[in-house]
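> Make a model of this:
(one chain, ligands or ions: 1)
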Amino acid sequence: MDSDPDPDPNHPVVDPAVTDTAADIAAMRIRGAAAIADAAAAALATQAERSKATDPAAFERDLRAGARELYETRPTAVSLPNALRYVLRGMEGETVAALRDSTIERADTFRTELEQAQSTLGEIGSNRLRDGDVVMTHCHSTDALACIEAALESGKRIEAIVKETRPRKQGHIMARQLRELGVPVTLIVDNAARRYLDEADHVLVGADSIAADGSVINKVGTSGLAVNARERGVPVVVAAQTIKLHPDTMTGHTVAIEMRDEREVLSMEERTEIEPSGETARSAAGDGNGDEARRQDENGLTVENPAFDVTPPRHIDAIVTEHGQFPPESIVTLMRELFGETTAEPWEERR
Ligand SMILES: O=C(COP(=O)(O)O)[C@H](O)[C@H](O)COP(=O)(O)O
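Numbering: from 1, shown residues only. Modelled structure (predicted):
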């Protein structure tokens, strides 16, 4: 049997646990902006713990490579690069042991603060909810749930109208977790939202990214819901820890919207029913915008499956963070305070 070739000493080694976490995020076995950030920080801690690097430069190279692998999984939730940036910035020391300890400690701090931020945010958000209020939700958001949970803990009765959230039905996860809290839930299909807004006192959603102008990027369907809610006079509240603030947007960058596989919307079988003579199914996933698939399929059947959309600040009443609640237009001030003006990717920095 051939023996393994000597590993290239300049080639970074990514721990299989990091690769597994990256695969779980890409396949949405780990999903939701807060959970993704938490899992990414935990993966970097594991990478630090298990790295076999014998010199500091190799250790840093391994960590950066792991971070890059995690970063490339899903493009929209900024909590992911924010988490990676935070952990890598805490990687300090002149020896492998010191680098290892500081990275693990930084990842632990990040995870603890993430949990703390969510509970503080929940307290703040719960103050908006009154006894007997009905909340309409979209997708599954742990930040939104934290507000409801804190309201329940303070003795308020809350009911929920939960949008199913096609195509992946994250509304079912929301409904299950609300029921675990004892909240009466009415589950509706997405198309029924406008009708049921008459019975809602608040729309309460989470966020994957918040841009400097106060736009909220969240599960596709949020923007339509917000427009309808505004028309009906139902306040729209976004529950989002500051890890969801997108610092790059301060310098005019826009947030990439993930385009997912068409089979989440239409099975191969359904495609054939629509177009029996048809082209083979094409996937818009992977290239970030699906342009290639669109062009190739110009005369055939195209399925678009954006995972997120952008709600402009004028349709949002408040963004609730662990630092208080803000009108969306003023969120840039908080963003500057927390992130400064620099947004370089940590794995591009040379120390
Ligand atoms: O849009 C989604 C999840 O989308 P997906 O299911 O595609 O990951 C959630 O509303 C935000 O991530 C906020 O979640 P949380 O408040 O838990 O961070």
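> what's the closest non-adjacent residue to the residue of the stretch 101-250 of the chain found nearest the ligand?
Nearest residue of the stretch 101-250 of the chain to the ligand (Cβ to the nearest ligand atom) works out as Gly206 at 2.9 Å. The way it works is simple: take the backbone N, C-alpha and C, and place the C-beta from them, glycine included. For Gly206, ignoring the flanking residues on the chain, the nearest one in space by Cβ to Cβ, 6 or more residues apart in numbering is Ser141 at 2.6 Å.
> I'd say that neighbour and Gly32 touch.
Yes. Between Ser141 and Gly32 a contact is recorded at 6.7 Å, counting by Cβ atoms under 8 Å.
> what do these two both touch?
Common contacts of Ser141 and Gly32 (Cβ atoms under 8 Å, 6 or more residues apart in numbering): Gly206.
> Settle it for me: which of the two has more neighbours?
Ser141 (26 against 21; other Cβ atoms under 10 Å).
> list the contacts for the residue of the stretch 251-351 of the chain found nearest the ligand?
Per Cβ to the nearest ligand atom, Ala307 is where the stretch 251-351 of the chain lies closest to the ligand, at 5.0 Å. Contact analysis of Ala307 by Cβ under 8 Å, 6+ apart lists Thr76, Lys219, Val220, Ile257, Glu258, Met259, Arg260.
> Output those as TSV; include the columns distance to Lys163, neighbour count and pLDDT.
Output for the contacts of Ala307, formatted as TSV (distance: Cβ to Cβ, whole Å; neighbours: other Cβ atoms under 10 Å; pLDDT from 0 to 100):
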residue	distance to Lys163	neighbour count	pLDDT
Thr76	19	21	97
Lys219	9	26	98
Val220	11	22	98
Ile257	19	19	98
Glu258	19	20	98
Met259	21	23	98
Arg260	18	22	97
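> Tell me which of these fall in strands.
Applying DSSP state E to those, the entries found in strands are Lys219.
> For Thr95, which non-adjacent residue is closest in space?
Closest to Thr95 by Cβ to Cβ, 6+ apart is Pro56, at 6.5 Å.
> Revised request: answer the last question for Leu266.
Val303 (5.2 Å).
> tally of neighbours for the one you found?
20.
> So it lies in a helix, does it not?
No. Val303 is assigned coil when assessed by DSSP: H, G, I helix; E, B strand; the rest coil, not a helix.
> hmm, back to that, tell me who's in contact with the residue nearest to Gly206.
Gly32, Met174, Val205, Gly206, Ala207, Asn218, Ala239.
> can we see that at 7 Å?
Gly32, Val205, Gly206, Ala239 (Cβ atoms under 7 Å, 6 or more residues apart in numbering).
> and what of Ala43?
Ala17, Val18, Thr21, Gly66, Leu70.
> Work out for me the element the first one sits within.
Taking DSSP states H and E as the criterion, Ala17 maps to helix 16-26.
> who does that helix touch, helix- and strand-wise?
helix 33-50, helix 56-71 (3 or more Cβ pairs under 7 Å, 6 or more residues apart in numbering; DSSP states H and E).
> closest to the ligand out of those helices?
Nearest of the helices and strands packed on helix 16-26 (Cβ to the nearest ligand atom): helix 33-50, 3.4 Å.
> The closest one near the ligand at all?
Yes. Using Cβ under 6 Å from any ligand atom, we find that helix 33-50 touches the ligand at Ala33, Ala34, Ala35.
> Likewise for stretch 226-236?
No. Contact of stretch 226-236 with the ligand is not found when judged by Cβ under 6 Å from any ligand atom; the minimum separation is 13.0 Å.
> ok now that stretch, how far from the chain's centre?
23 Å (Cα atoms, centre = their mean, to the nearest Å).
> Dump it to CSV, restricted to CA.
Only the C-alpha atoms of stretch 226-236 are listed here, as CSV (Å, rounded to 0.1, in the frame of the first residue of the first chain):
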residue,chain,number,x,y,z
ALA,A,226,-44.1,44.7,6.0
VAL,A,227,-45.8,46.7,3.2
ASN,A,228,-49.2,45.1,4.0
ALA,A,229,-48.7,45.7,7.7
ARG,A,230,-47.9,49.3,7.1
GLU,A,231,-51.1,49.7,5.0
ARG,A,232,-53.1,48.0,7.8
GLY,A,233,-51.5,50.1,10.5
VAL,A,234,-49.8,47.1,12.2
PRO,A,235,-46.4,48.0,13.6
VAL,A,236,-43.4,46.1,12.2
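> Residue numbers of the stretch 151-300 of the chain in contact with the ligand?
Gln170, Gly206, Ala207, Asp208, Asn218, Lys219.
> what's across from the last one in the sheet?
Which is Lys219. Following DSSP bridges, Lys219 is listed with bridge partners Phe308.
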